[in-house]
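S.K.: how would this look folded up:
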Amino acid sequence: MQETNSPLTTRRELLRRAAAFTLLGAAAPSALADDALRVGSPAPPLVLHTLDGRSIATRDLLGKVVIATFWATWCGPCREELPLLSAFQERHRAQGLEVLGFSLDTPDALASVREVAASLRFPVGLLGSAYAGAYGRIWRIPVSFTIDRHGRLADDGWNDSHPSWTPRRLQQVVLPLLSGGEARS
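M.R.: This next block holds a predicted model:
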């Protein structure tokens, strides 16, 4: 007869529960975000802790259109997208566009992150973990979320079938927000 409270049984039960929790998280990576992310609803807050030590909160950017982009130095599509976002922000900064770059790289890759960030015209910081609050676990990159001037979510990157920014997608999603209109898909 096996003792139910033996250290081995307890350890197995803990491992089984941890595995089940991990699998649930992997099966629905944005499940936490689904309730909080609704286009047209208030965007959940984000704070970028930049490489130069500043903190930029999306709530402090009301009146601006914000693109929060999640990327990594090892992500090829991200590295292609970042210069496009940088140039687009430069062209539209006077209209109130702000891009915030959240790197998923670990602190040991800080030199590589700094190298990429040096060529960008928007602030960059390390996310610190794969979780971005109400946006959920960042499980695919690049992924971005766009917040309108009123602090509402205007574009949910989880629901984009082709989430990488292109000039056409920037024109459809961001330009209308900059001119006071609504984003088009």
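S.K.: could you show me where the helices are in the chain, in order?
M.R.: Ranges of helices within the chain are 7-27, 31-36, 76-92, 110-117, 167-173, 175-178, based on DSSP state H.
S.K.: so what's residue 83 closest to, chain neighbours aside?
M.R.: Leaving aside its chain neighbours, residue 83 sits nearest to residue 119 (7.0 Å; criterion: CB to CB, 6 or more residues apart in numbering). In this view, the C-beta of every residue, glycine as well, is placed from N, C-alpha and C.
S.K.: give me the low-pLDDT residue ranges for the chain?
M.R.: Along the chain, the model assigns pLDDT under 70 to residues 1-35, 181-185.
S.K.: Apply 90 and report the result again.
M.R.: Within the chain, the stretches with pLDDT under 90 are 1-37, 128-130, 140, 157-164, 180-185.
S.K.: The residue most central in space within it: what's it in contact with?
M.R.: For the chain, the residue sitting closest to the mean C-alpha position, by CA atoms, centre = their mean, is residue 70 at 4.0 Å. Contacts for residue 70 (CB atoms under 8 Å, 6 or more residues apart in numbering) come out as 102, 104, 127, 132, 138, 141-144, 157.
S.K.: what about residue 47, distance to residue 177?
M.R.: Separation of residue 47 from residue 177 (CB to CB, to the nearest Å): 21 Å.
S.K.: do residue 127 as well
M.R.: 24 Å.
S.K.: Tell me which of these two has more neighbours.
M.R.: Each of residue 127 and residue 177 has its neighbours counted (other CB atoms under 10 Å); residue 177 has more, 26 against 20.
S.K.: Quick check: the gap between the closest residue in space to residue 179 that isn't next to it in sequence and residue 64.
M.R.: With CB to CB, 6+ apart as the criterion, residue 179 has its nearest non-adjacent residue at 7.8 Å, and that residue is residue 95. Separation of residue 95 from residue 64 (CB to CB): 9 Å.
S.K.: Between those two, tell me which one has more neighbours.
M.R.: Taking neighbours as other CB under 10 Å, residue 95 and residue 64 compare with residue 64 leading, 18 against 13.
S.K.: Surely the more buried one and residue 100 touch.
M.R.: No: here residue 64 does not reach residue 100: they are 10.6 Å apart, not a contact under CB atoms under 8 Å.
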